[in-house]
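Engineer: no sequence for this one, just the structure:
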């Protein structure tokens, strides 16, 4: 049932994935459902809803993401970081969250799903130090200004922020300063989800 839902969503997004990647996404979903019962990793309780609201939503940004080294800020249980890591096994993803329960889940997911291209890190974004990243992703993480202020020190010059948002964030874009430049804002159509979705692409000057 979950496989059909996932495949239908991917088809509507015009995204083709190999059977191996679909199997891994479903294994991640099963792990998330299992852990969520005990550890409350996400407010979405319904396993069926998790397919559209978490997996399909995260996968909707696949066609837009560039960069070899990617940091997923405020990743929670690995969204969109783990779906991206599954679909881009050749890229390196660092999954950052300050919540210990969530990073423990990420470590378990890395082991069970054999995702050698992810590095879970428990830290606050302001205090995290690492070699500079090509791109930084975030999903439902603070405002665009907070995202830029908190993590611009981790992005290389010319690197890209990809911020997943609901409604078109007019006010948030207006608050950004000259350190960055908004390159584009893509309207995303997420099968099974009613509300508006946008992906804001911002470059570090």
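Structural biologist: Sure thing, it's come through. Everything quoted here is computed from the prediction, not taken from an experiment.

Engineer: which is the next helix or strand following the helix or strand of the chain at the bottom of the mean pLDDT ranking?
Structural biologist: The weakest-scoring helix or strand in the chain, judged by mean pLDDT, DSSP states H and E, is helix 47-50 (a mean of 93). Per DSSP states H and E, the first helix or strand lying C-terminal to helix 47-50 is helix 57-59.

Engineer: what is the mean pLDDT for that following helix?
Structural biologist: Mean per-residue pLDDT for helix 57-59: 97.

Engineer: And it, what does it pack against?
Structural biologist: Applying 3 or more C-beta pairs under 8 Å, 6 or more residues apart in numbering; DSSP states H and E, we find helix 57-59 packed against helix 81-87. (Glycine included, C-beta is placed from N, CA and C.)

Engineer: got a list of contacts for the helix it packs on?
Structural biologist: Under the criterion C-beta atoms under 8 Å, 6 or more residues apart in numbering, residues 17, 21, 24-25, 28, 55, 58-59, 61-62, 65, 70, 72, 75, 91, 93, 95, 106, 109, 113, 115, 117-118, 137 lie in contact with helix 81-87.

Engineer: center of this structure, which residue is that?
Structural biologist: Nearest residue to the geometric centre of the chain (C-alpha atoms, centre = their mean): residue 80, 1.9 Å.

Engineer: what pLDDT does that one get?
Structural biologist: According to the model, residue 80 carries a pLDDT of 98.

Engineer: any idea how far it lies from residue 59?
Structural biologist: Separation of residue 80 from residue 59 (C-beta to C-beta, to the nearest Å): 8 Å.

Engineer: For the longest helix along the chain, buried residues please.
Structural biologist: Longest helix of the chain, by residue count under DSSP state H: helix 19-39. By neighbour count on 16 or more other C-beta atoms under 10 Å, the buried set for helix 19-39 is 21, 24, 25, 26, 28, 29, 31, 32, 33, 35, 36.
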